[in-house]
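In: only geometry, no sequence info:
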């Protein structure tokens, strides 16, 4: 994929998908128990720490199913413990850096970061600022390629430097820049909150995009997404390989 100019704007998803979001997520949550066999095949982990970051207007309650799943695979999964995510602030950035450093010091191991939607953008920027502390980054429906391509940022306007997001060209260019750690972006073409095109990572070493079929609101507990998360986290540190190659090796 070739780089797009800084000023490219990606529109939000069609309104029809947005209208279906809550109903789809409820159905996906109800189906989770019936698809437990898929999750039982997930690889067990090595116990390393994981920090899970929620989306805009969400908190640790929203990521509880994901963290329970990760703990069942023997990881030490943590919520962010910072209440509801009302958007980025300077104090929040400092608190997240402190949380990351504390987990690294406690376990004496690098921390994997899993972020949902805006939480994925936080995870990416944490890794960019602290690559020595981070093992890998996994994002779920995170519009880092164009953070304005989301209905969420229209409900809660985020205005860096007092300017609308779609005019903050330097910020948007910085957010889409590749990370210095292994990165997986999980996205859905039927995402009703975030435009799937805004979730695509540039092709390159140790970075990838993995498509699943689910809603945005259900991505944190959909079995297909959880299977990808489990596979990515189970890789040995320093031995990262792309999703398809990893699956071929298992099969």
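Out: Everything's here; your move. In this text the structure is predicted, and so the values were computed from the model without any measurement. Numbering: from 1, shown residues only.
In: so which strand or helix has the nearest residue to residue 75 once chain neighbours are set aside?
Out: Closest residue in space to residue 75, ignoring its immediate chain neighbours: residue 45 at 4.5 Å, by C-beta to C-beta, 6 or more residues apart in numbering. Every residue, glycine included, has its C-beta placed from N, CA and C. For residue 45, there is no host helix or strand (DSSP states H and E).
In: could you number the chain from 380 rather than 1 from now on?
Out: Renumbered: residue one is now 380, and that last one reads residue 424.
In: surely residue 424 meets residue 451?
Out: No: look at residue 424 against residue 451 with C-beta atoms under 8 Å: they stay out of range, at 9.7 Å.
In: neighbour-wise, which of those two wins?
Out: residue 424 (20 against 15; other C-beta atoms under 10 Å).
In: any idea how far that one is from residue 467?
Out: As judged by C-beta to C-beta, to the nearest Å, residue 424 and residue 467 stand 29 Å apart.
In: also residue 484?
Out: 25 Å.
In: neighbour count for the two, which is higher?
Out: Counted by other C-beta under 10 Å, residue 484 and residue 467 do not tie: residue 467 has more neighbours, with 16 against 9.
In: which SS class is that one?
Out: coil (DSSP: H, G, I helix; E, B strand; the rest coil).
In: measure it to residue 501 for me?
Out: 7 Å.
In: with residue 478 instead?
Out: Residue 478 is 11 Å from residue 501, by C-beta to C-beta.
In: got a list of what the residue nearest to residue 454 touches?
Out: By C-beta atoms under 8 Å, 6 or more residues apart in numbering, the contact list for residue 424 reads 449, 452-454, 609, 612-613.
In: reformat these as a markdown table; add secondary structure.
Out: Putting these into a markdown table (three-state DSSP) gives the following:
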| residue | secondary structure |
| --- | --- |
| 449 | helix |
| 452 | coil |
| 453 | coil |
| 454 | coil |
| 609 | helix |
| 612 | helix |
| 613 | coil |
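In: which ChimeraX command selects the buried ones in the residues you listed?
Out: The ChimeraX command for the buried members of those (criterion: 16 or more other C-beta atoms under 10 Å) is given here:
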select :449,452,454,609,612,613
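In: how about the contacts of residue 424 in JSON lines, adding distance to residue 406 and pLDDT?
Out: Listed next are these as JSON lines, based on distance: C-beta to C-beta, whole Å; pLDDT from 0 to 100:
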{"residue": "449", "distance to residue 406": "23", "pLDDT": "95"}
{"residue": "452", "distance to residue 406": "25", "pLDDT": "93"}
{"residue": "453", "distance to residue 406": "30", "pLDDT": "94"}
{"residue": "454", "distance to residue 406": "28", "pLDDT": "97"}
{"residue": "609", "distance to residue 406": "22", "pLDDT": "94"}
{"residue": "612", "distance to residue 406": "27", "pLDDT": "97"}
{"residue": "613", "distance to residue 406": "28", "pLDDT": "95"}
